[in-house]
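Student: I need the structure of the sequence given here:
(4 chains)
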There are 2 protein chains.
Amino acid sequence: MLTGNESAELVVLSLLAEGESYGYQLTKDAAGRSEGHLRLTPGVLYPLLRQLENEGLITSSWDAVRAEDSDEGAEGRKRKWYRLSPKGKRRLGQRVAAYESLRKVIDAFVGVRPREEGSR
Amino acid sequence: MLTGNESAELVVLSLLAEGESYGYQLTKDAAGRSEGHLRLTPGVLYPLLRQLENEGLITSSWDAVRAEDSDEGAEGRKRKWYRLSPKGKRRLGQRVAAYESLRKVIDAFVGVRPREEGSR
DNA sequence: GACGGATATATCGCGTGCCGATATATTGTC
DNA sequence: GACAATATATCGGCACGCGATATATCCGTC
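Tutor: Residues are numbered from 1 along each chain as shown, chains lettered A, B, ... in the order given. Here you go, the predicted model:
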């Protein structure tokens, strides 16, 4: 549930606002932080990251995860690190504002429930 | 924005929890209550009402809006009134709970923002 | 040294469902 | 008699979410 792109974007930007990270890590963080309710699947995450980068909201770079005992060209495993750009920070602010506004709207309805328990 | 069926359902059930209503009215109420942010368009509303009725969450009946000076079979304008069924009340409770849980999940990310304003 | 599972990134395409466009009828008003 | 508001309803194209799938490295262990 809630793997809709809108909320996914909010979540990814939020996580990156706490510090740089990479895809797989984001997946784990999302699941952990939400007690498993939020499953950021590859099919959702990677297209989203690409899109965010295209929009200039995040930047990325490849870094060898271990350059130990490498002989020469052997680079071994690499990870693609993502970090939030200034533009991304701004966007996050907007998204958070939008979320809070949406929440206010929904509350305007949900909050008005007439009776918590039917009296009969 | 937010014309997604999930939230639309929540809103319609909430409005009907306050008393019976009809389609056009629901449209107006939704817009009014949310200061225009929530546009419950016909394309969204009527399919939704139909679906809700099929699921037994709401019931409906046609009522002539004015039976004045009618001659005989002339029924004039009619309105389709909807009201929440007991099952619908239960569903509303579930939806509200789901919404609140979702909100908690999002807050788990959004709330942790490191810095409100970048220090530079 | 090979097998399996975890780590890690990435793409593709199809099924679904959103909602804009559209249709129809009545009422009010100028 | 024309136009706007009221009122309900359907339809289908196009968008896109995301499951399935592919690829590669790393590590433990037998």
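
Student: Pass me the low-pLDDT residue ranges in chain A, would you?
Tutor: Scanning chain A with the threshold set as pLDDT under 70 gives A:1-3, A:66-76, A:112-120.

Student: all helices for chain A, in order.
Tutor: A:5-17, A:23-33, A:42-54, A:86-110 (DSSP state H).

Student: From the rest of the structure, what touches the shortest one?
Tutor: To tie it back to what came earlier, the one meant is helix A:23-33. For helix A:23-33, the external contacting residues (C-beta atoms under 8 Å, 6 or more residues apart in numbering or on different chains) are A:11-12, A:15-16, A:21, A:38-42, A:45-46, A:49, A:80, A:82, B:108-109. Every residue, glycine included, has its C-beta placed from N, CA and C.

Student: just stretch A:97-107 next, same as before
Tutor: A:10, B:1-2, B:7, B:10-11, B:34, B:37-38, B:99, B:103, B:106, B:110.

Student: Chain A against DNA strand C: which residues are in contact?
Tutor: A:22-25, A:42-43, A:46-47, A:49-50, A:65, A:77, A:79-80 (C-beta under 7 Å from any atom of the strand).

Student: now do 10 Å
Tutor: Proximity of chain A to DNA strand C (C-beta under 10 Å from any atom of the strand) is limited to residues A:21-28, A:41-51, A:53, A:60, A:62-63, A:65-66, A:77-82.

Student: Whichever of these end up buried, select them in ChimeraX.
Tutor: In ChimeraX, a selection of the buried entries from the residues of chain A next to DNA strand C looks like this (16 or more other C-beta atoms under 10 Å in any protein chain shown):
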select /A:21,22,23,26,27,44,45,48,49,53,81,82
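
Student: Which residues does the closest residue to A:W62 other than its chain neighbours form beta bridges with?
Tutor: The shortest distance from A:W62 to any non-neighbouring residue, by C-beta to C-beta, 6 or more residues apart in numbering or on different chains, is to A:K78 (4.9 Å). Per DSSP bridges, the residues bridged to A:K78 are A:A64.

Student: My read is that A:K78 contacts A:D63, right?
Tutor: Yes. Between A:K78 and A:D63 there is a contact under C-beta atoms under 8 Å: 6.5 Å.

Student: In contact with the closest residue to DNA strand D within chain A, which residues?
Tutor: In chain A, the residue that lies nearest DNA strand D is A:G43 (2.4 Å; C-beta to the nearest atom of the strand). Going by C-beta under 8 Å, 6+ apart, A:G43 touches no other residue.

Student: how far away is it from A:S21?
Tutor: 19 Å (C-beta to C-beta, to the nearest Å).

Student: winner for burial among the helices of chain A?
Tutor: Counting by mean count of other C-beta atoms under 10 Å in any protein chain shown, helix A:5-17 has the highest mean neighbour count of the helices of chain A, with a mean of 21.

Student: Tell me which two of the contacts of stretch A:97-107 sit farthest apart.
Tutor: Maximum pairwise distance among the contacts of stretch A:97-107 (C-beta to C-beta): 22.2 Å, between B:V11 and B:V110.
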